[in-house]
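In: take this sequence and fold it.
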Amino acid sequence: MTVPLTMAIEDYDHVRDLARGSTPVEGVDLTVLNLPVQETFQRFSAHREWEVSEFSMALYVAMRGAGDTSVIAIPVFPSRMFRHSAMYVRADGPTRPKDLEGLRVGVPEWAQTAGVWARGILSDDYDVDLAKIDWIQGGLHSAGRFERVPLALSPGMSVRAEKDRTLEDLLLAGEIDAVITAHPPTSFVPTGGEIRCLFPDARSEEAAFWKRHHFIPIMHTVVLRKDTVERHPWLPRNFQVAFEAALDRSRHRLRDVAISRFPLPWIAETVRELESSSDRPWWGYGLEDNRRALDMFCRFAFEQGVTPHRIAPDQLFATSAAFDSKI
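Out: The predicted structure follows:
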């Protein structure tokens, strides 16, 4: 007998074999919804419409920090991105990270994963004092966006909500000086325009980050509803196995030099460069291979008030011991 479940997740190549049933989840009759991530996060956060979901790493860590155990993650990370290129200014705006001190910087949500990483990188690698920035939270393209989790900001740190105007409008009008956001402003043109990236050569900065830390920052994880796992405690392990098998198949496609599986050149060469530059998997799942990235993210989340206390990576995932003791 199989358990009927629904999972919502983007249409990633490294998940596609699971979604199509080529690497099935043992014991599960799985229906997969390929939805845009923002829709997935909003609907699952508000209504828990399905049993398994792609989920924001920051939102999940914030929920765990607040004691919300209604969902439990597995150490699967479908989206990873460097975020040096997520910092936008006007063409006549600041030219160095340190210049942001004393200025007004917008964020769609303080607990957006891209923002947590970007602010942490600014603080750690560029000596930016985050408390010296006037932070404004609001919608990038639509006004009225709000924080979905309570914040525990340290003294001296403040985030002011802007309910009536968009961050892009404020940036173009000169009423804020920068925006940190996963989605670029619509006015941004890589070849020049009213809005540019803070880093003129963000890719070089991101490559330097890779050389220092040997990981790509984690953006999303996969969570299961607590009630579902209580009924079927074998589910986290079986999903983990299926996700890893699908990832292995995707890696094989990336290494294929015989045909062009993806509409980009030099993919196999890029894979070889990444593999030769680190002894860690350049894209992998599991707790231990990702402990360094997870520990850094949990530190950033605590330092920025996304969580009221620092969470250890071991507290986040449905390993058998952690699940039995925490949920």
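
In: where in this protein is pLDDT low?
Out: The model of the chain has pLDDT under 70 over residues 319-327.

In: which residues touch R251?
Out: Neighbour list for R251: 14, 271, 283 [criterion: C-beta atoms under 8 Å, 6 or more residues apart in numbering]. To be clear about C-beta, it is placed using only N, CA and C from the backbone, and glycine gets the same treatment.

In: what are the phi and psi values at R310?
Out: Main-chain torsions, R310, degrees, to the nearest 10: phi -80, psi 130.

In: ok, it - contacts?
Out: By C-beta under 8 Å, 6+ apart, R310 lies in contact with 298-299, 302.

In: turn those into a markdown table, columns for secondary structure and distance to E175.
Out: Below are those laid out as a markdown table (DSSP: H, G, I helix; E, B strand; the rest coil; distance: C-beta to C-beta, whole Å):
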| residue | secondary structure | distance to E175 |
| --- | --- | --- |
| C298 | helix | 34 |
| R299 | helix | 32 |
| F302 | helix | 31 |
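
In: now, the contacts of R251 that are in strands?
Out: Within the contacts of R251, no residue falls in strands by DSSP state E.

In: most neighbours out of these, which is it?
Out: Among the contacts of R251, the one with the most neighbours (other C-beta atoms under 10 Å) is H14, at 22 neighbours.

In: so how many other residues sit close to L287?
Out: Neighbours of L287 (other C-beta under 10 Å): 15.

In: how about the closest residue in space to it that isn't next to it in sequence, what does it touch?
Out: Among residues not flanking L287 along the chain, P75 sits closest, at 4.7 Å (C-beta to C-beta, 6 or more residues apart in numbering). Going by C-beta under 8 Å, 6+ apart, P75 touches 221, 240, 285-287, 290, 316-317.

In: in strands, which of the residues you listed fall?
Out: Members of those lying in strands (criterion: DSSP E): T221.

In: give me the buried subset of the contacts of P75.
Out: 221, 240, 285, 290, 316-317 (16 or more other C-beta atoms under 10 Å).

In: which of these lies closest to G27?
Out: Of all the buried ones among the contacts of P75, Q240 has the smallest distance to G27: 13.1 Å, by C-beta to C-beta.

In: right, and the closest one touches Y285 too?
Out: Yes - taking contacts as C-beta atoms under 8 Å, Q240 lies within contact range of Y285: 7.1 Å.

In: now list whatever residues contact both of these two.
Out: In contact with both Q240 and Y285: 75-76, using C-beta under 8 Å, 6+ apart.

In: if we can go back for a sec, can you lay out the contacts of P75 as JSON lines showing distance to D201?
Out: Output for those, formatted as JSON lines (distance: C-beta to C-beta, whole Å):
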{"residue": "T221", "distance to D201": "30"}
{"residue": "Q240", "distance to D201": "38"}
{"residue": "Y285", "distance to D201": "31"}
{"residue": "G286", "distance to D201": "33"}
{"residue": "L287", "distance to D201": "34"}
{"residue": "N290", "distance to D201": "27"}
{"residue": "L316", "distance to D201": "34"}
{"residue": "F317", "distance to D201": "36"}
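
In: ok so, going back, narrow the contacts of R310 to those that are buried.
Out: Judged by 16+ other C-beta under 10 Å, buried ones among the contacts of R310: 298, 302.

In: now the phi/psi pair for the spatially most central residue of the chain, please.
Out: Centroid-nearest residue in the chain, with C-alpha atoms, centre = their mean: M219, separated by 1.5 Å. With angles defined as degrees, to the nearest 10, M219 sits at phi -100, psi -50.

In: how far away is it from A182?
Out: Note on M219: its distance to A182, by C-beta to C-beta, to the nearest Å, is 8 Å.

In: overlap in contacts of those two?
Out: Counting by C-beta under 8 Å, 6+ apart, the residues touching both M219 and A182 are 81, 113-114.

In: most surrounded residue in the residues you listed?
Out: T113 (27 neighbours).

In: what number of residues lie near D314?
Out: D314 has 14 neighbouring residues, counting by other C-beta under 10 Å.
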